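In: For reference, the sequence and a predicted model appear below.
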Amino acid sequence: MKVVFFGTPEFAVPSLKRIAASRHDVELVVTRPDKPVGRKQVLTPPPVANLARSLGIPLAQPRKLKSGPFPDHFHELAADAAVVVAYGRLIPPGLLEGPRHGWINLHPSLLPRHRGPSPIQWALVSGDRITGVTTMMLDEGTDTGPILLQERVDVLPRETADELAARLARLGADLLVKTLDGLEDGSLEPVPQPEDGASLTPMLSRSFGRVDWSLTAGQILNRLRGLTPWPGLYTSLRGGRVKLHCLGMIDPPPGDEAPGTVLEASPSGIVVRCGKGTALRITELQREGRRRMPVDAFLVGERVVVGERFI
């Protein structure tokens with residue numbers, strides 16, 4: 001089949017590689033425009049753009065999809081299918097009518113659970129033990145189109161969002177090729193999504209990273225996993241922000257201290273009371289504007305005492 005591929009970040013790279021190596025022909029790669037990165041704001045192409053150039057595939061980086069020269073160019077290609085993997089922009093209705101086999105979207109969750117922009121992070125924050133990838137037909141809703149194929153995987157006990165994303169990206173790449181094969185030979189029929197079990201994830205923001213110490217220790221640990229590497233998990237100590245990097249579950253000591261209260265401060269860790277009597281041990285953290293450090297080094301400069309509170 002003739003395919004047009006829409007994708008932008010590192011998550012989309014395995015999918016483009018896999019489709020380009022299959023029997024299907026990638027006629028065009030569409031990705032977001034280059035953007036300034038880092039302190040020096042160096043104009044940097046997206047990972048998908050770099051891969052398309054290395055593979056010799058024609059590349060488009062339109063600022064607009066529904067106006068200008070792009071819509072005509074897209075329709076002139078007469079693609080059999082359009083594939084979307086984390087492109088980062090809504091596809092306008094005027095383009096949805098084009099490809100013969102429609103638009104196929106790879107979504108990193110088991111739809112209808114975790115629709116929306118942050119399914120990998122929210123699977124971890126929610127404490128899901130199983131997740132996966134779904135190929136679906138794109139429609140005008142938010143990840144509401146009919147399902148084509150799904151693949152399930154276990155969530156590993158201490159897996160973070162970036163680690164899980166890497167696994168799902170590889171899994172999804174194989175599923176996309178199976179989906180294209182099935183659409184081409186007619187063996188695959190879309191199935192409408194059930195509404196039972198549907199949920200919508202929010203767009204991530206820095207505010208999600210603030211620790212709510214009234215949550216249980218397990219819930220806070222899940223938030224750290226889901227929000228790593230961005231926005232991370234942070235709290236306040238004596239008016240300044242402290243980022244938490246490594247936490248561990250412990251058997252909670254007896255007591256009814258308020259959530260956020262320091263129960264122990266030693267080179268082996270800072271123990272903090274959490275919700276419902278639970279407790280966490282902090283073993284690696286970072287004062288804002290300083291380097292990340294193990295707790296014993298942190299305590300040399302920050303004389304944390306039992307009874308004070310993280311807020």
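Out: Okay, I see it.

In: Touching, residue 263 and residue 257? I think so.
Out: Yes: if you go by C-beta atoms under 8 Å, residue 263 and residue 257 touch, sitting 6.8 Å apart. Glycine gets a C-beta too; all of them are placed from N, C-alpha and C.

In: which residues do those two both contact?
Out: Common contact partners of residue 263 and residue 257 (C-beta atoms under 8 Å, 6 or more residues apart in numbering): residue 273.

In: and residue 106, how many neighbours?
Out: Neighbour count of residue 106, defined by other C-beta atoms under 10 Å: 26.

In: tell me which element it is part of?
Out: Assigned by DSSP states H and E, residue 106 belongs to strand 103-107.

In: just checking, what packs against that strand?
Out: If contacts are counted by 3 or more C-beta pairs under 8 Å, 6 or more residues apart in numbering; DSSP states H and E, strand 103-107 sits against strand 81-85, strand 130-137, helix 161-185.

In: What lies in contact with whichever helix or strand comes after the longest one?
Out: On the C-terminal side of helix 161-185, the nearest following helix or strand under DSSP H and E is helix 217-226. With contact meaning C-beta under 8 Å, 6+ apart, helix 217-226 is reached by 120-127, 158-161, 208, 211-213, 215, 233, 244, 247, 249-250, 252, 274-275, 278-280.

In: Residue 252 and residue 308, how far apart?
Out: 19 Å (C-beta to C-beta, to the nearest Å).

In: Look at these two and report which has more neighbours.
Out: Ranked by neighbour count (other C-beta under 10 Å), residue 252 and residue 308 place residue 252 first, with 17 against 14.

In: Find the nearest non-adjacent residue to the more buried one, please.
Out: The spatially closest residue to residue 252, leaving aside those adjacent along the chain, is residue 279, at 4.2 Å (C-beta to C-beta, 6 or more residues apart in numbering).

In: count of residues packed around residue 22?
Out: The burial count for residue 22: 17, using other C-beta under 10 Å.

In: With residue 100 instead?
Out: Residue 100 has 11 neighbouring residues, counting by other C-beta under 10 Å.

In: Next up, the contacts around it.
Out: 79-81.

In: ditto for residue 93
Out: Residue 93 touches residue 140, counting by C-beta under 8 Å, 6+ apart.
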